[in-house]
Each structure stands twice: as C-alpha cells, then as structure tokens.
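Colleague: what's the 3D shape of this:
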Amino acid sequence: MSETEVTAAPRPLLLADGRLADRAWSLDPVLKHLNHGSFGAVPLVAQERQELLRAQMERSPVVWFPALPQRLAATRVELAEFLRVDAGDLALVSNASAGASVVYAALTLRPGGEILVTDHGYGAVTMGAERLARRWGGRVRTARVPLDADEDQAYEAVAAELGDATELVVVDQITSATARRLPVERIGAEARRRGIPVLVDGAHAPGLLDAPLAGAACDFWVGNLHKWGCAPRGTAALIARGPLREHLYPLIDSWAAADPFPDRFDQQGTVDATAQLAAPTALTFVERTWGWTVARRYMEDLAAYGARVIGTALAEATGVPPSVDVGMPVPGMRLVRLPDGLAANRIEADALRDRVARELGVEAAFTSFDGVGYMRLSAHVYNVAADYEYFAEDCVPVLSTWARGGEAGRWGVRRLSDAVRWGPQA
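Modeller: Numbering: from 1, shown residues only. Predicted structure coming up:
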C-alpha cells in the first residue's frame, strides 16, 4: 500500500492490559521517536532479561563463560527459526557491519580483482569493500541505480557492471539511505551463474521482512536483530552457505578457532554475549503480544500515513513534491523529500538530525541521495499517528524557515565536528 492510498490514521496497537504499546518500552516520553530504523528500541522485557543474564555472569564468571558456547548454540536455534534458516548456517556477530568485516577478512587475495557495490550501499560496508579492494590491488566499481528504478531496471543496472574482473558483489537487500529494496534474488542468481561470490547486506531485513532469505542466492548474508527485531544492540546474524563459509572466522581468534562454522563464533573469550542471549525475548514479546504479521501491517500503514501527512505539509509550505517515487518500496519505511537547502549531503543530513533532536525534540533520520535531502520515516509498534501529525504541524514550519534562510546548511558547517563525532545514520 502506498501513502497515497492511506486516508485514515491506523488505530494504535495496544498491550494486553489496554495501554498503548509504547508503555512496553523505556523511551523518553518527552521526545518523539520517529527513527526506529537506525538503532532500534529494546522493550523492557528484553532489557530485564539482559540485566538478569548479566547479573548471573557477574556472580559467577568462572561458571558462566565455559557454559556460554552451549547457551549461544541454543540461542542460534531460536534465531534461525525466526529468520527461517538452518541454525547450522547462522553465526552470531555484533552487527551487520561486523559480519561484512568477517567476510572481507576471509576472502583470499584476488590480485586486481574488482568488487561491485551500488550507490545505495551503506557507507561503512562500502568503505570495507574499498579497503579490501586496495589489498587486492583492484578497485570498487559502483552500479548506479536510480531511486525510482523498478525491479527490472535495478537488476539491469547492477548486472551491466558485472565483468570478468568482478570477484565479489556486495548488495543491500533494503537500503539504509533510500529505504528501498534491491532485487538481491535476481542479482545473486546471475552472479552465481558467473561464479562470483555475493554478500547481501540485510541489515534492515530481520523483522521487517517475513522470510528475508527466501529465494536469496547468496554466499553470505548479514542482518541486524537489534533494528526491527528490537533485540538488545550487539545482536546480528551472519548466514553463510556453500564452501566459502569454512573460511569465515571471528575477527578475534579464540579457543574455538579449530571448531567448524558456525560453532567457532560461539566462544570468543570474555565477550559480553548477554545481548544475543536476550534477543529471543524481544522477538517472542512482539509475537505473543500482537504477532509479527499484525505488527508489520501496522508499521506499513503507519509509515505510509506519516509520509502522507508530513509530505503534504512540506509540499504546502515549500512546494516540494508531496511523495517520493521509490522503485521498490519496503514496509515500515518511507522517504519524504526535503526542500532545497536541507541535507544536501551526509554531513548536512547528520547535522540536521542533531539539530532537530535538540531544538524540536524529535528523533528523526535525514539522508541524502544524489544531492537531494530526504527525511526517512521508519515506524514501529510503539509509534502512533499523532507522532507524525505533530511533526507535520509543529516541525515542518521550522524546517521551512531553516531551508529558506539557509540556516541548516550554515549550522551544519558550524557543527561539523559534532556531526562527525555522532556519526552517520544507520
């Protein structure tokens, strides 16, 4: 369903006792939280579970750590069931970028080899690909995919860049900056036909997509459980299939280094793995309270509604188009175009994020693609229509003023050090 088809605000989700869903989280009620997609939000039951596990660890560390691999192996089984994959294909890593780094470290030297990425790729993962290409004495080739490209056009744009020198393809399943899907199934199938390994960055997929690896022909897939799955941060899955997976090792060697994949990832010294152990609690909470199908439907309807009300308000105030043509949209996420003068590049987008949080009391994501600034909406079960109506009514006029006066751009330059310190959106 597109935002133009949403005319009424979806009814908020409630807890079993009739309270609004947000009461199950510890989010600051003073702020409006419109950016679940960057860092997620952990429900109280999962926070409490992690605190209990950490207390057990601290009470008896000599008992805790030798038993930890068995606990993590059992947790992998639960997470694999959620992702609908074989537990024997799943290793636990701290985040999607860490999983990508594991893959980069495992690939043998391919002198002069090229790595193919897209212009929608997540910056940290692309930078890792560039570093790997330098080690190979090769280069990174970038496929340009228009924001409005449909499945066929996106596939053709990537496939056209494959060549004899291509040694690895890195492609996002759901793009971070542009909130769109890429046809990883078709891209992976073509790369496999050519004998080229594929790494799929599925950072946003777990929880947002029902079965993110269904039909995906890839050697490696990484996805964060702490985003849409609401697991404690530090929980991500690295799925590996095929012979190359036996080359994957944790970035830090430990006593399990001689064990097969994925068991060797379950023992890494004194790493605090309580976030990973508490992850199933978060997933189960959403399932038992509403069901993931209902939750995803609500996220989709609410994000579409939010894009409509905020996009309409910005169009009336600044003349920007009220909707953005995204070729392969995803549930729960939307882009709203910003007026010229706001978020023209990543640094300005991050600076705008910080200013909106500090001066307007809203946690929001702002991104840039092809020199155009966007607000990236991401909705979860604890959000309500009033959150987006507030932004449209109270914040859009301020953004319009900043854009007309060029204040946001000047502020972004003035606070460049803050933007760099806080880092980009995820």
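
Colleague: Which secondary structure elements does the longest helix belonging to the chain sit against?
Modeller: Identified as the longest helix of the chain according to DSSP state H is helix 292-318. In terms of contacts (3 or more C-beta pairs under 8 Å, 6 or more residues apart in numbering; DSSP states H and E), helix 292-318 is packed against strand 333-337, strand 372-378, helix 385-390, helix 396-405. Every C-beta, even on glycine, is put in place using the N, C-alpha and C of the backbone.

Colleague: Now the element after the first one, going C-ward?
Modeller: This points to strand 333-337. Next helix or strand after strand 333-337 toward the C-terminus (DSSP states H and E): helix 346-355.

Colleague: and the helices and strands packed on helix 292-318 as CSV, adding mean pLDDT, mean neighbour count and distance to A307?
Modeller: CSV is the format used below for the helices and strands packed on helix 292-318 (pLDDT from 0 to 100; neighbours: other C-beta atoms under 10 Å; distance: least, C-beta to C-beta, whole Å):
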stretch, mean pLDDT, mean neighbour count, distance to A307
strand 333-337, 98, 26, 4
strand 372-378, 97, 25, 6
helix 385-390, 98, 18, 8
helix 396-405, 94, 18, 13
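
Colleague: Present those as CSV; the columns should include distance to R144.
Modeller: As requested, the helices and strands packed on helix 292-318 are exported to CSV (distance: least, C-beta to C-beta, whole Å):
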stretch, distance to R144
strand 333-337, 18
strand 372-378, 15
helix 385-390, 32
helix 396-405, 27
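
Colleague: Of these, which is nearest W64?
Modeller: Nearest to W64 among the helices and strands packed on helix 292-318 is strand 372-378; the distance by C-beta to C-beta comes to 35.5 Å.

Colleague: which one of the helices and strands packed on helix 292-318 lies closest to V271?
Modeller: It is, among the helices and strands packed on helix 292-318 and with distance given as C-beta to C-beta, strand 372-378, at 29.0 Å.

Colleague: Next, the angle helix 346-355 makes with that closest one.
Modeller: Here the directions of strand 372-378 and helix 346-355 differ by 50 degrees (axes from the mean of the first three to the mean of the last three C-alpha atoms, to 10 degrees).

Colleague: So for the longest helix of the chain, what gets flagged as buried?
Modeller: 292, 295-315, 317-318 (16 or more other C-beta atoms under 10 Å).

Colleague: Mind checking the helices and strands packed on helix 292-318 for the one nearest to D266?
Modeller: Of all those, strand 372-378 sits nearest to D266, with 31.4 Å by C-beta to C-beta.

Colleague: What residues are bridge-paired with W25?
Modeller: Beta-bridge pairing of W25 under DSSP bridges involves P43.

Colleague: Tell me the spacing between it and P12.
Modeller: Distance of W25 to P12, computed by C-beta to C-beta, to the nearest Å: 14 Å.

Colleague: Quick one: residues contacting the residue positioned nearest the centre of the chain.
Modeller: Residue closest to the mean C-alpha point of the chain, counted by C-alpha atoms, centre = their mean, is H204 at 3.2 Å. With contacts defined as C-beta atoms under 8 Å, 6 or more residues apart in numbering, H204 is in contact with 37, 173-174, 176, 223-224, 227-228, 330, 333.

Colleague: In strands only, show me the residues you listed.
Modeller: The strands, defined by DSSP state E, take in 223-224, 333 from those.

Colleague: Can you convert those residues into CSV and add a column each for distance to Y104?
Modeller: Formatted as CSV, the ones in strands among the contacts of H204 follow (distance: C-beta to C-beta, whole Å):
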residue, distance to Y104
G223, 17
N224, 18
M333, 27
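
Colleague: Between these, which sits nearest A258?
Modeller: Checking those one by one against A258 (C-beta to C-beta), the nearest turns out to be G223, at 27.2 Å.

Colleague: To what extent is the closest one buried, counted in neighbours?
Modeller: By other C-beta atoms under 10 Å, 30 other residues sit near G223.

Colleague: Same check on R19?
Modeller: Residues lying near R19 (other C-beta under 10 Å) number 10.

Colleague: Roughly how far does it sit from T235?
Modeller: 27 Å.

Colleague: And for P10?
Modeller: From P10 over to T235 the distance is 28 Å, taken as C-beta to C-beta.

Colleague: Who has more neighbours out of these two?
Modeller: Remark: of P10 and T235, T235 carries more neighbours, 30 against 19, as counted by other C-beta under 10 Å.

Colleague: got the contact list for that one?
Modeller: Residues near T235 by C-beta under 8 Å, 6+ apart: 92, 94, 224-226, 229, 275-276, 279.

Colleague: For it, grab phi and psi.
Modeller: phi -120, psi 120 (degrees, to the nearest 10).

Colleague: can you pull the pLDDT of it?
Modeller: In this prediction, T235 carries a pLDDT score of 98.

Colleague: Equivalent analysis for the one 4 residues further on, please.
Modeller: The predicted local distance difference test score for I239 is 98.

Colleague: all numbers from here: first residue = 203
Modeller: Taking 203 as the first residue, the last one we looked at is I441.

Colleague: pLDDT on stretch 320-332, on average?
Modeller: Mean predicted lDDT for stretch 320-332 stands at 97.

Colleague: ditto for stretch 389-400
Modeller: In this model, stretch 389-400 has an average pLDDT of 97.

Colleague: for stretch 378-398, which positions count as buried?
Modeller: For stretch 378-398, burial by neighbour count (16+ other C-beta under 10 Å) applies to 378-394, 398.

Colleague: CA atoms only: put that stretch into PDB for me.
Modeller: The C-alpha trace of stretch 378-398 is given here as PDB (Å, rounded to 0.1, in the frame of the first residue of the first chain):
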ATOM      1  CA  SER A 378      19.600   2.400   4.500                       C
ATOM      2  CA  ALA A 379      19.700   5.900   2.900                       C
ATOM      3  CA  THR A 380      16.900   5.400   0.400                       C
ATOM      4  CA  ALA A 381      14.500   2.900   2.100                       C
ATOM      5  CA  ARG A 382      14.100   0.700  -0.900                       C
ATOM      6  CA  ARG A 383      14.700  -2.900  -1.800                       C
ATOM      7  CA  LEU A 384      17.100  -4.200  -4.400                       C
ATOM      8  CA  PRO A 385      16.400  -7.400  -6.300                       C
ATOM      9  CA  VAL A 386      19.000  -9.500  -4.400                       C
ATOM     10  CA  GLU A 387      17.400 -12.700  -5.600                       C
ATOM     11  CA  ARG A 388      18.000 -12.000  -9.300                       C
ATOM     12  CA  ILE A 389      21.300 -10.300  -8.800                       C
ATOM     13  CA  GLY A 390      22.500 -13.300  -6.700                       C
ATOM     14  CA  ALA A 391      21.300 -15.800  -9.300                       C
ATOM     15  CA  GLU A 392      23.200 -14.000 -12.100                       C
ATOM     16  CA  ALA A 393      26.400 -13.700 -10.000                       C
ATOM     17  CA  ARG A 394      26.200 -17.400  -9.100                       C
ATOM     18  CA  ARG A 395      25.800 -18.300 -12.800                       C
ATOM     19  CA  ARG A 396      29.100 -16.400 -13.400                       C
ATOM     20  CA  GLY A 397      30.800 -17.900 -10.300                       C
ATOM     21  CA  ILE A 398      31.000 -14.700  -8.400                       C
END
